[in-house]
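Participant: Pasting the sequence and the predicted model now:
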Amino acid sequence: MDLYRKVRLACKDGMSERAAARHFGISRDSVRKMLSFSVPPGYRRTTAIRRPKLDGFTEIIDAWLVEDRGRNRKQRHTAKRVFERLRDEHGFTGGYTIIKDYMREQERRSREMFVPLAHPPGHAQADFGEAMVIIGGVEQKAYFFAFDLPHSDACYVRAYPAATSEAWVDGHVHAFAFFGRVPVSVLYDNDKCLVARILPDGSRTRTKLFSGFLSHYLIRDRYGRPGKGNDKGSVEGLVGYSRRNFMVPIPRFATWDEFNLWLEAQCRQRQAEILRGHDETIGERLSRDLDAMTVLPPAPFDACDQATGRVTSQALVRYKTNDYSVPVAYGHRDVWIRGYVDKVVIGCGGEVIARHPRCYDREDMVFDPIHYLPLIERKINALDQAAPLAEWGLPPEFATLRRLMEARMIKAGRREYVQVLRLLETFGIDDLHAAVKKALQLGAVGFDAVKHLVLCHVEKRPPKLDLDVYPYLPRATVATTSAASYMCLVSADAP
């Protein structure tokens with residue numbers, strides 16, 4: 001630039017182009033260009049680039065690339081494969097580099113362009129992400145629900161063992177409770193848990209549970225194009241942010257509830273941050289979002305999947321490939337099922353007959369041993385082989401009680417031991433455990449004694465057992481009746 005300035009000044013003072021070229025040691029063409037432009041114009045191409053070895057083959061390459069647009073991404077032409085086909089099928093004599101450069105340029109030109117978006121307050125986006133976590137000492141995959149308010153960048157994240165329809169709805173219910181308001185609309189992808197079918201006109205047929213959820217909260221649902229995650233870029237960014245910031249290092253928690261409480265605290269803490277391009281915190285901008293949102297309904301939506309079933313001869317009800325037990329008294333009857341994120345509730349008529357923790361394995365059986373005790377009492381020979389009792393972690397005092405009962409009464413002792421277990425239908429395991437330990441201490445090995453002791457433990461009164469006379473019955477005190485006691489029955493006016 002310094003030489004450029006000197007040449008222009010010299011010519012302005014009257015020096016000719018020939019003299020300037022001689023004086024500065026440059027060509028007259030360079031002097032003429034310096035006088036024509038105030039700053040160096042740079043190299044300007046006047047004709048198209050000539051590629052003598054490639055120009056005859058560009059139409060073939062373009063046809064292959066157009067055809068690839070309808071193919072699976074993993075089965076499209078690479079630069080190497082295009083070079084090999086041109087060489088083997090069309091006699092191409094050029095090198096691999098010019099093929100690679102041409103395909104790179106074509107890819108750049110075909111990339112999608114995007115319109116910058118503005119996000120009014122009161123609207124939301126929702127999606128699910130995946131990450132590895134350690135819950136209860138077991139490393140497993142967590143599916144975390146991400147709920148984003150694009151206007152303020154406020155977020156809510158909650159983790160689940162599976163991304164089911166119940167998890168989608170439960171995540172919304174907790175997000176609405178977290179913010180204390182309901183958004184005007186929510187943008188989704190076309191997840192099968194939400195959308196049962198996309199009709200030819202572009203409208204969606206929603207799943208039954210999701211449709212009921214939208215009706216409860218009166219939310220306008222919106223959907224992105226199938227396979228186009230950029231339509232809801234804010235929540236897609238939140239999924240990545242949550243994975244990088246909340247899931248690194250791998251979270252370790254005893255239960256899912258503890259993990260979700262921690263995630264909720266992280267979302268609340270993030271509201272104090274000021275993001276790039278803003279001069280307000282997320283929490284300050286969130287106030288505008290909340291003002292545009294609607295109030296919560298009086299009661300939250302019951303986030304459960306509803307189904308029906310029939311009890312089998314083994315007192316099992318199938319739900320989502322797994323079998324759950326019910327009391328044997330309801331065998332072969334029709335029941336209703338409510339599948340929540342963390343539990344399965346089974347009922348018959350207007351009565352709830354069984355509750356189980358939700359199992360996300362396949363073809364598993366979830367037993368409640370208490371359901372089978374009435375049947376085992378009648379079929380006592382099945383006691384040792386009953387699958388529901390196989391992994392029942394009873395305290396060791398129960399095994400001692402059974403051994404003493406069988407030693408004293410043999411088969412009748414086993415039946416009486418099952419009767420003791422059936423006390424769990426009425427009392428808690430801690431109360432019965434305390435009664436069994438007390439019975440072993442007193443040597444009162446029998447159902448009547450254990451029942452008396454558990455009642456005394458619950459009612460907080462001392463037991464009354466006459467162990468010398470009969471170890472199974474409460475002590476009874478019988479006094480001698482005096483003849484004078486009957487005189488009150490005889491009135492003074494009696495003849």
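Facilitator: Yep, it's here. Residues are numbered from 1 along each chain as shown.
Participant: From R111, how far off is I49?
Facilitator: Using CB to CB, to the nearest Å, I49 is found at 21 Å from R111. C-beta coordinates here come from the backbone N, C-alpha and C atoms, glycine included.
Participant: can you give me the end-to-end distance of stretch 441-453?
Facilitator: Criterion CA to CA, to the nearest Å; first-to-last residue distance in stretch 441-453 is 12 Å.
Participant: Equivalent analysis for stretch 377-394, please.
Facilitator: 18 Å.
Participant: Which positions in it come out as buried?
Facilitator: 377, 380, 383, 386, 388-389, 394 (16 or more other CB atoms under 10 Å).
Participant: Same question for stretch 89-107.
Facilitator: Going by 16+ other CB under 10 Å, stretch 89-107 has these buried residues: 92, 94, 98-99, 102-103.
Participant: For V341, state which of those residues is nearest.
Facilitator: Closest approach between the buried residues of stretch 89-107 and V341, by CB to CB: M103, at 48.2 Å.
Participant: Do a quick rundown of the strands in the stretch 301-450 of the chain.
Facilitator: For the stretch 301-450 of the chain, the strands defined by DSSP state E, counting those that start in this stretch cover 305-310, 316-319, 322-325, 334-339, 343-348, 351-357, 365-366.
Participant: Generate a markdown table for these, with distance to D189, mean neighbour count and mean pLDDT as supplementary columns.
Facilitator: As requested, those are arranged in a markdown table below (distance: least, CB to CB, whole Å; neighbours: other CB atoms under 10 Å; pLDDT from 0 to 100):
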| stretch | distance to D189 | mean neighbour count | mean pLDDT |
| --- | --- | --- | --- |
| strand 305-310 | 20 | 14 | 94 |
| strand 316-319 | 27 | 20 | 96 |
| strand 322-325 | 28 | 22 | 96 |
| strand 334-339 | 23 | 18 | 96 |
| strand 343-348 | 28 | 18 | 96 |
| strand 351-357 | 30 | 15 | 95 |
| strand 365-366 | 32 | 17 | 94 |
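Participant: Let me know which of the ones you listed is the nearest to R270.
Facilitator: strand 343-348 (30.5 Å).
Participant: and the direction of that closest one versus that of strand 351-357, what angle?
Facilitator: On the basis of axes from the mean of the first three to the mean of the last three CA atoms, to 10 degrees, strand 343-348 is oriented at 160 degrees to strand 351-357.
Participant: How far does strand 343-348 sit from its chain's centre?
Facilitator: Centroid separation for strand 343-348 versus its chain: 21 Å, with CA atoms, centre = their mean, to the nearest Å.
Participant: Okay, buried residues for stretch 159-179 please.
Facilitator: Per 16+ other CB under 10 Å, stretch 159-179 contains these buried residues: 159-161, 163-176, 178-179.
Participant: And the average pLDDT for that stretch is what?
Facilitator: Across stretch 159-179, pLDDT averages out at 95.
Participant: For that stretch, output the C-alpha coordinates as CSV.
Facilitator: The C-alpha atoms that make up stretch 159-179 are tabulated as CSV, following Å, rounded to 0.1, in the frame of the first residue of the first chain:
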residue,chain,number,x,y,z
ALA,A,159,-35.2,-37.9,33.5
TYR,A,160,-37.1,-41.2,33.0
PRO,A,161,-36.2,-44.8,32.5
ALA,A,162,-38.1,-44.8,29.1
ALA,A,163,-39.5,-42.2,26.7
THR,A,164,-43.1,-43.5,26.8
SER,A,165,-46.3,-41.6,26.3
GLU,A,166,-46.7,-41.4,30.1
ALA,A,167,-43.2,-39.9,30.4
TRP,A,168,-44.1,-37.3,27.8
VAL,A,169,-47.2,-36.2,29.6
ASP,A,170,-45.7,-36.5,33.1
GLY,A,171,-42.8,-34.3,32.0
HIS,A,172,-45.3,-31.6,30.8
VAL,A,173,-47.2,-31.8,34.1
HIS,A,174,-44.0,-31.3,36.1
ALA,A,175,-42.8,-28.5,33.8
PHE,A,176,-46.1,-26.6,34.2
ALA,A,177,-45.9,-27.0,38.0
PHE,A,178,-42.3,-25.8,37.9
PHE,A,179,-43.2,-22.6,36.0
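Participant: and that stretch, how far from the chain's centre?
Facilitator: 7 Å.
Participant: what does stretch 281-295 give?
Facilitator: Stretch 281-295 sits 26 Å away from the centroid of its parent chain (CA atoms, centre = their mean).
Participant: Need phi/psi at the nearest residue to A272 once chain neighbours are set aside.
Facilitator: Excluding the flanking residues, the one nearest A272 by CB to CB, 6 or more residues apart in numbering is T281, at 5.7 Å. With angles defined as degrees, to the nearest 10, T281 sits at phi -70, psi 170.
Participant: How about the contacts made by T281?
Facilitator: 271-274 (CB atoms under 8 Å, 6 or more residues apart in numbering).
Participant: A21 contacts R32, doesn't it?
Facilitator: No - the pair A21 / R32 is not scored as a contact, 9.2 Å apart, by CB atoms under 8 Å.
Participant: Looking at the two now, which is surrounded by more residues?
Facilitator: Using other CB atoms under 10 Å, the more surrounded residue of A21 and R32 is A21, with 18 against 13.
Participant: nearest spatial neighbour of the residue nearest the centre of the chain, skipping sequence neighbours?
Facilitator: In the chain, the centroid-proximal residue (CA atoms, centre = their mean) is Y160; its distance is 2.8 Å. Sequence neighbours aside, A167 is the residue nearest to Y160 in space, at 4.1 Å (criterion: CB to CB, 6+ apart).
Participant: how does this protein divide up, domain by domain?
Facilitator: When the chain is parsed with automatic domain parsing, its domains come out as 2-36, 55-109, 123-292, 305-366, 373-459.
Participant: In CSV: these, plus distance to L117.
Facilitator: Listed next are the domains of the chain as CSV, based on distance: least, CB to CB, whole Å:
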stretch, distance to L117
domain 2-36, 45
domain 55-109, 23
domain 123-292, 8
domain 305-366, 33
domain 373-459, 55
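Participant: Give me the contact list for stretch 70-78.
Facilitator: 64-65, 68, 85.
Participant: Between its first and last residues, how far does that stretch reach?
Facilitator: Stretch 70-78: ends 15 Å apart by CA to CA.
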